[in-house]
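>>> any chance you can model this:
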Amino acid sequence: MPAPEAVPAPPAQRSPWWRFALLVVILGAAAGSLLLWSPTAFLSGGLPAGVPGYWLAPVFVAVYALGTLAFMPRPALNAAAGLLLGIQQGVLLAVLGTTLGAAAAFGLGRALGRDALRPYLRGRMLTALDRRFTDQSFRSVLLLRLLPGLPFQAGNYGAAFSGTRFLPYLLATAVGVIPTTAVYVTAAASAREPGSAAFLFSAGAIGVLGLVTLVSLWRAAAARRRATA
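Got it, this is the predicted structure:
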């Protein structure tokens with residue numbers, strides 16, 4: 001009697017890790033692309049000669065979003081927005097670019113990485129965080145965006161891997177990034193007048209954000225030490 005043929009694993013059992021590998025490749029390629037181009041230089045330089053001015057806003061938003069996907073720090077992108085566009089238009093388009101980039105990252109993380117990583121969201125702390133982000137998506141993401149020191153991209157993929165709902169995530173991102181965006185855009189836009197009230201206020205706000213970030217990191221490290229003690 002012939003031996004039974006080996007039955008291949010169902011696609012559903014294999015596909016999550018293939019999708020996760022694809023996510024890693026995409027993100028690695030996006031980060032590696034910074035060796036070939038600079039979003040901040042592109043944004044600061046404006047449109048090439050001969051390109052109609054009405055393309056400025058959509059091109060800026062798209063390049064800003066791609067910059068966030070490539071792990072370019074948002075303060076640098078916001079500074080480019082201030083130098084090129086000024087305060088009002090710079091804040092508006094930077095917030096739009098941030099939101100678009102966050103939506104793209106969420107879509108990639110949810111479609112390609114969540115199924116592979118979600119079984120590993122175990123333990124009391126991770127389970128509680130996942131439940132909070134599932135039940136209170138808007139409030140949780142808003143706090144995430146307002147909290148200084150947390151990398152923007154980490155918040156994107158952390159929300160995507162959890163049970164966060166998309167629409168509250170998007171709205172909370174758009175609202176939550178306004179304060180830090182306004183600070184960095186204003187600082188760059190007013191840098192030519194270092195004695196102006198706008199520059200002094202934004203520079204002071206950046207200092208406060210830095211101090212709050214250090215305190216937050218110190219408290220997080222202390223909490224980890226207490227948990228492991």
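
>>> tell me the helices and strands packed up against the helix or strand hosting T186.
Using DSSP states H and E, T186 maps to helix 178-189. Applying 3 or more CB pairs under 8 Å, 6 or more residues apart in numbering; DSSP states H and E, we find helix 178-189 packed against helix 74-85, helix 87-108, helix 197-228. Using the backbone N, CA and C atoms, a C-beta is placed for each residue, glycine as well.

>>> can you flag the weakest of the ones you listed by average pLDDT?
Lowest mean pLDDT of the helices and strands packed on helix 178-189: helix 197-228, a mean of 61.

>>> report the rounded mean pLDDT for the helix holding T186.
What helix 178-189 shows for mean pLDDT is 89.

>>> just want the angle from it to helix 74-85.
On the basis of axes from the mean of the first three to the mean of the last three CA atoms, to 10 degrees, helix 178-189 is oriented at 50 degrees to helix 74-85.

>>> buried ones in helix 178-189, by neighbour count?
Buried positions in helix 178-189, judged by neighbour count with 16 or more other CB atoms under 10 Å: 178, 180-189.

>>> now do stretch 66-76
66-70, 72, 74-76.

>>> ok, stretch 33-48 next?
With burial defined by 16+ other CB under 10 Å, the residues of stretch 33-48 counted as buried are 38-40, 42-44.

>>> which residues touch that stretch?
With contact meaning CB atoms under 8 Å, 6 or more residues apart in numbering, stretch 33-48 is reached by 53, 55-56, 59-60, 63-64, 66-67, 70-72, 76-77, 79-81, 83-84.

>>> switch the cut-off to 10 Å
53-56, 59-60, 63-73, 76-85, 90, 93-94, 97, 188 (CB atoms under 10 Å, 6 or more residues apart in numbering).

>>> burial measure for F106, as a count.
23 (other CB atoms under 10 Å).

>>> next: V61.
20.

>>> what sits against it?
92-101.

>>> dump the residues you listed into JSON lines; add neighbour count as well.
Below are those laid out as JSON lines (neighbours: other CB atoms under 10 Å):
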{"residue": "L92", "neighbour count": "17"}
{"residue": "L93", "neighbour count": "23"}
{"residue": "A94", "neighbour count": "29"}
{"residue": "V95", "neighbour count": "23"}
{"residue": "L96", "neighbour count": "18"}
{"residue": "G97", "neighbour count": "28"}
{"residue": "T98", "neighbour count": "28"}
{"residue": "T99", "neighbour count": "20"}
{"residue": "L100", "neighbour count": "20"}
{"residue": "G101", "neighbour count": "26"}
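
>>> and of the residues you listed, the nearest to G28?
Distance ranking of the contacts of V61 against G28, using CB to CB, places G101 first at 17.0 Å.

>>> show me the contacts for that closest one.
Here G101 is in contact with 61-62, 64-70, 72, 74, 77, 152-153, 156, 173 (CB under 10 Å, 6+ apart).

>>> ditto for L117
L117 sits next to 16-17, 20, 23, 109, 157, 160-162 when contact means CB under 10 Å, 6+ apart.

>>> compare those residues and tell me which is most surrounded.
S162 leads the contacts of L117 on contacts (other CB under 10 Å) with 25 neighbours.

>>> any idea how far the closest residue to it other than its chain neighbours is from T164?
Leaving aside its sequence neighbours, S162 sits nearest to F133 (CB to CB, 6 or more residues apart in numbering; 4.3 Å). Separation of F133 from T164 (CB to CB, to the nearest Å) stands at 5 Å.

>>> between those two, which contacts overlap?
Overlap of the contact sets of F133 and T164 (by CB under 10 Å, 6+ apart) consists of 140-141, 144, 158.
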